[in-house]
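Asker: Using only what follows, build the 3D model:
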Amino acid sequence: MSTAPTQSHDENVLLTITLSPTSALHANPDGLAVHPLIKRLGRIGELQDVQVLSVPRQSWPRVEGEVVDALNALPGVLRVHVQERPKLRAKRGADEL
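Answerer: From the prediction side, this is the model:
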């Protein structure tokens, strides 16, 4: 799955999973779907060791601990990071440039 994932932060909580270089999950990244609500979106660009997963935002408060614990327990997972919603940036006025 090499296409760029659609990242809807309004509807989903996105997680990035960093894998060890020797992890068996490189060959079978679908193995990261350790919970029925997890959807694997793919890699981050050409990074072989970072995968993006999503969980529906409405279910996240109920399953957060269970999902994060299950992912951290997988052999070869180095890091589970829950992405924050992007913040809107204020546009500078012409006089500030």
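
Asker: Report the contact partners of P75.
Answerer: Applying Cβ atoms under 8 Å, 6 or more residues apart in numbering, one finds that P75 lies in contact with 23-24. Bear in mind the C-beta positions are built from the backbone N, C-alpha and C, glycine included.

Asker: Same question for A70.
Answerer: With contacts taken as Cβ under 8 Å, 6+ apart, A70 has the following neighbours: 34-35.

Asker: Wasn't it part of a strand?
Answerer: No - membership of A70 in a strand is not supported by DSSP: H, G, I helix; E, B strand; the rest coil, which gives helix.

Asker: Can you give me the separation between it and P29?
Answerer: Distance, A70 to P29, using Cβ to Cβ, to the nearest Å: 15 Å.

Asker: So which residue is dead centre in the chain?
Answerer: Geometric centre of the chain, nearest residue: L15, 2.3 Å, by Cα atoms, centre = their mean.
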